[in-house]
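Colleague: Any chance you could fold what I've pasted below:
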Amino acid sequence: MLLADKKKRQNLSEYIVYMYQTEMLVRNFEFDIQKIENHVVKNIPEESLNTEGKAELTEWYKGIIAQMKEEKLEREGHLSFVQDEVKRLSDLSLQLQVDDENYRAIFNRARPAIRASIVESNGLVNDPIQACLNGILGLLIARMNGKEILDDTLVQLDHFGNVLSYLSIKVKG
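Modeller: Predicted coordinates:
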């Protein structure tokens with residue numbers, strides 16, 4: 001079973017962030033499956049993924065590449081099927097803000113950080129759940145690049161993570 005499939009079943013928010021990372025990886029390797037195979041797939045230890053699994057993963061990357069090209073996402077943007085999942089979480093968030101007191105409290109604690117993130121995007125993001133996902137992705141990128149993350153930022157991102165975790169649990173259950 002591919003990691004993406006496993007993540008989608010276990011934690012929808014993690015799956016979305018994983019797919020955003022996959023889109024970045026594909027762009028960074030210039031949509032070249034040979035580069036992805038050489039630098040990613042072949043470097044996965046055999047005990048983590050056998051030869052058959054690696055072949056399946058390569059085919060999966062080929063499918064992602066084809067779909068990104070078809071949707072004209074060479075420079076930016078996200079795959080439509082991934083954004084459908086974001087919409088699913090957003091719709092659930094709106095419902096839970098009305099129906100679930102616990103979620104409403106979690107969301108309200110995140111609201112100032114969400115609002116700040118939306119304002120900072122200069123109109124590119126207007127959905128609160130997208131803002132949370134972008135924040136978590138930004139944290140991962142910053143950590144991969146060895147950048148220092150301020151304590152205030154970590155607190156905001158913790159709020160984002162709480163919102164996304166609650167939604168992922170609710171969408172699964």
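Colleague: Roughly how far does Leu57 sit from Ile16?
Modeller: Counting by Cβ to Cβ, to the nearest Å, the separation of Leu57 from Ile16 is 19 Å. From N, CA and C alone the C-beta is placed, and that goes for glycine too.
Colleague: So which of the two has more stuff around it?
Modeller: The residue with more neighbours, out of Leu57 and Ile16 and counting by other Cβ atoms under 10 Å, is Ile16; that gives 26 against 19.
Colleague: what's the helix or strand for that one?
Modeller: Secondary structure from DSSP states H and E places Ile16 in helix 12-28.
Colleague: per-domain residue ranges of the chain.
Modeller: For the chain, automatic domain parsing gives the domain ranges 3-70, 80-172.
Colleague: Just put the ones you listed in JSON lines and tack on mean pLDDT.
Modeller: Formatted as JSON lines, the domains of the chain follow (pLDDT from 0 to 100):
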{"stretch": "domain 3-70", "mean pLDDT": "96"}
{"stretch": "domain 80-172", "mean pLDDT": "96"}
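Colleague: just to revisit the earlier point, buried residues in the next helix or strand after the helix holding Ile16, which are they?
Modeller: Following helix 12-28 in sequence order, the next helix or strand is helix 33-39 (DSSP H and E). When burial is assessed from 16 or more other Cβ atoms under 10 Å, helix 33-39 yields the following buried residues: Ile33, Ile36, Glu37.
Colleague: same question, stretch 55-72
Modeller: With the criterion 16+ other Cβ under 10 Å, stretch 55-72 contains buried residues Leu57, Thr58, Trp60, Tyr61, Ile64, Ile65, Met68.
Colleague: can you give me how far that stretch is from the chain middle?
Modeller: Centroid separation for stretch 55-72 versus its chain: 17 Å, with Cα atoms, centre = their mean, to the nearest Å.
Colleague: Same question for stretch 5-14.
Modeller: Here the centre of mass of C-alpha atoms in stretch 5-14, compared against the chain's by Cα atoms, centre = their mean, lies 10 Å away.
Colleague: For His159, grab phi and psi.
Modeller: Recorded main-chain torsions at His159 are phi -60, psi -40, according to degrees, to the nearest 10.
Colleague: List the residues that contact it.
Modeller: The neighbourhood of His159, defined by Cβ atoms under 8 Å, 6 or more residues apart in numbering, consists of Ile106, Arg109, Ala110, Ala113, Ile114.
Colleague: so which of those residues comes closest to Gly123?
Modeller: The shortest distance between Gly123 and any of the contacts of His159, using Cβ to Cβ, involves Ile114 and amounts to 15.2 Å.
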